[in-house]
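# no sequence for this one, just the structure:
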DNA sequence: TATGAATGAGAATTCATTCAT
DNA sequence: GATGAATGAATTCTCATTCAT
């Protein structure tokens, strides 16, 4: 299996191994604290070989980031999002959200090392943020807008909040769940994943306030 | 003004300058990519001076993290949380939430560089995560539990979700807002902060689903 | 020629050059006062290269000491001692002593820089002394004991002194001669080496006291 | 008590403490591996104070060496040697030698740290050797020559060896005994010091060869 | 193409020495 | 005089990058 999603593209075998090793190492220690010698060892190639495929160490990182953006903005991310939204138009909001979240969580799980590298670098480099924004955020917002419009039309989603808030709320909850599981793994017990997601959707949909008989916003 | 919160403690002037400089540099480039020579220059001391106060470069980071945990778990964080919760008990959920969020956002804003360093290291080091968990998460959960209990008693908060979910939902939204402003600053326009927060609270309280006349959970 | 005795073993060319350079520099200035940059220059390699072969500067010293002990305890020392003792059993004490001393002096001469490093470190580090003791002193004592026993049997050596005294007396005189030549070279004139050794043996054999009765040299 | 022999001279209290501390530290780790900060701590003064009394670290060493040479060439060494030789002229060689050796061994014991520093530096620095030679060796040789002449006159010492050989033989044996006790302390058991010295004198006087004719000890 | 030994620029760290108090 | 914080030159060590094989 190809958990990094690197096999699909027409990348030379060695280059792929180097990228995979680099994702592993960078994800474990961060870019600056990783050495090309470690990457070479982990990839099973000579240190010199790395520099046949990547002019500099920075270029390995660039390769990963380009790759990550491709994956995240490509069929693995946007495609599946669209699939869920189009194929499952007939379902109600709860069902759709659950499919989106389960899908996103699986993705986040499998791509976690890559995402960790991506996010750490995004924290420190404007150009990475720019790439992330243009390639992922903008696209996701477009989809979110369409999703929101359709859901509002069906009377399933509030029309008094805009789609940026919508996306942020969903992503924030997904991210929080992933963080809880990956960062504090074991510390905060997550008994049942299915139930966990159900509760989250519930909160996401209806909020934390106690509902009174009449309308909430009154 | 003392945006790092380093002045209160009885830290020698030079040590404080070094810590502040280190927070700045580490926050800008990450720990490993920063050099002691840069820190020295930024702190206005000789490079050797750094090592009078910190045995190793790693010790500077440790100093920052200890400090950050102190700040975050100390009066600046927990204290103010408790203040809000105790002094304002008579207020309704919306008001209390707004005060918590505004308070948290101000804090996150002013401590952002320090928090950025803290979080990046937490991503890569179990011991930092452990410290974070024991000193901040555990305390915050205790407060959240009490808060939840009281709000439920007053009939202002749902009793069918537990306080862990509650804290996560609130923190996720705060974090998302900070991230949006700090990481994608300027990209996603945040016209009016007050209105932004109001909307967020609204979503947090009542969810994204269109409310029907009867109960949401049906 | 290979005065350091480093060529025999299968040590990589570069490593050998570094060791030889280090022996030279350490012997001239002492370990602590020598710099890796000097060693690199003297060895004709880049400074970084040193650290491909030796993890730390301390490791260079360790390499030298291990090597020195190997040499001194190995064929160069013990072997030749045994050779002299076994092959020349028929000779009288004076002849045997002369061969031992000439042999030891040549050895001490050629290994002087290495021995100087060894001894200086032994002065300051218990573990070096321990290694010296176990690998050289113990072996030498065993040989000395056998030598003493045989010489006593042949009626050529006193039986009222033990072999520890014997070895010490011989080694002390060898060491004193080497020291005189190496440390105070030129200051105390050593006109004729052969005659010098003869006199030394004479004193060693018959002492400094005026003999009563008949002539000692027979 | 003043085991370093530093109290007699008109040296300021602090300077003396610094010198004593330096002898201790240098003797334990060697000159280059010792730091002025350690010396200061051990001497109970501030690091800066050291540089009021000694312009540079090298100067501390110089101070020690000058002091050592003074001690060794002064009353403690030469004086006592002369005392032994003059006051005890009526004694036989064995008695005189024993007094010399016991005296020298006590001296070597108490001055061992100082002597260790002195010898290590002598190994590496021509100027130290020169000072040692001019101030100690030359004087000792003069005394040895006189001693030899007198002993020969009395018919107690061989006249076919010169006084250089004589001094070397004696010193070599003293040094060997000290080395054995100090360097390999505990390893080579030295049961009874008095007996040890007696045996050594015996060997020194009559050699290791089996005497023919009548008994050597008479 | 692939290798990995060699490089050297640069990083962390040490420590003798200075100097304001 | 005494102090010890501050300095910065020097030292050990790292590691991305090159290049001969």
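Noted; the coordinates are in hand. Values in this document were obtained by computation on a predicted structure and should not be read as measured data.
# Regarding the residue nearest the centre of chain A, which helix or strand does it belong to?
Note on chain A: the residue nearest the mean C-alpha position is residue A:108, at 4.8 Å, using Cα atoms, centre = their mean. Using DSSP states H and E, residue A:108 maps to helix A:93-110.
# tell me which strands and helices the next helix or strand after that helix is in contact with?
Using DSSP H and E, the helix or strand that follows helix A:93-110 in sequence is helix A:112-124. Counting contacts by 3 or more Cβ pairs under 8 Å, 6 or more residues apart in numbering or on different chains; DSSP states H and E, helix A:112-124 is packed against helix A:13-29, helix A:57-73, helix A:126-132, helix B:112-124. In short, each C-beta sits where N, CA and C put it, glycine included.
# Those into JSON lines, with extra columns for mean pLDDT?
Output for those, formatted as JSON lines (pLDDT from 0 to 100):
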{"stretch": "helix A:13-29", "mean pLDDT": "93"}
{"stretch": "helix A:57-73", "mean pLDDT": "88"}
{"stretch": "helix A:126-132", "mean pLDDT": "85"}
{"stretch": "helix B:112-124", "mean pLDDT": "90"}
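# Out of the ones you listed, the one nearest DNA strand F is which?
DNA strand F lies closest, by Cβ to the nearest atom of the strand, to one member of those: helix A:57-73, at 3.7 Å.
# before we move on, back to that, let's have the helices and strands packed on helix A:112-124 in a markdown table, adding mean neighbour count.
Below are the helices and strands packed on helix A:112-124 laid out as a markdown table (neighbours: other Cβ atoms under 10 Å in any protein chain shown):
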| stretch | mean neighbour count |
| --- | --- |
| helix A:13-29 | 20 |
| helix A:57-73 | 19 |
| helix A:126-132 | 17 |
| helix B:112-124 | 21 |
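# now chain A, which segments are flagged as low pLDDT?
Across chain A, the ranges flagged by pLDDT under 70 are A:1-9, A:75-82, A:84-90, A:185-192, A:211-218.
# Walk me through the domains of it.
Listed domain ranges for chain A are A:10-54, A:57-206 (source: automatic domain parsing).
# Minimum distance to residue D:45: which of these has it?
domain A:10-54 (42.5 Å; Cβ to Cβ).
# ok, and does that closest one reach over to chain C?
No - judged by Cβ under 8 Å from any Cβ of the partner chain, domain A:10-54 makes no contact with chain C; its nearest approach is 11.5 Å.
# Please compute how far that domain lies from its chain's middle.
Between the centre of domain A:10-54 and the centre of its chain there are 23 Å (Cα atoms, centre = their mean, to the nearest Å).
# now swap in stretch A:163-181 and tell me
10 Å.
# mind listing what residue A:161 touches?
Residue A:161 makes contacts with B:199, B:202, B:203, B:208, as judged by Cβ atoms under 8 Å, 6 or more residues apart in numbering or on different chains.
# Residue A:157: which of those is nearest?
Among the contacts of residue A:161, residue B:208 lies closest to residue A:157 (Cβ to Cβ), at 6.0 Å.
# Nearest to residue D:15 among the domains of chain A would be which one?
domain A:10-54 (49.4 Å).
# end to end, how far does the closest one reach?
In domain A:10-54, first residue to last residue: 16 Å (Cα to Cα, to the nearest Å).
# Can that domain be said to contact DNA strand E?
Yes - using Cβ under 7 Å from any atom of the strand, we find that domain A:10-54 touches DNA strand E at A:14, A:45, A:46, A:47, A:48, A:49, A:51, A:52.
# and the nearest residue to the second one once chain neighbours are set aside, what does it touch?
Think residue A:45. Using Cβ to Cβ, 6 or more residues apart in numbering or on different chains and skipping residues adjacent in sequence, the residue nearest residue A:45 is residue A:14, 6.0 Å away. Counting by Cβ under 8 Å, 6+ apart, residue A:14 makes contact with A:43, A:45, A:49, A:53.
# Sounds good, over and out.
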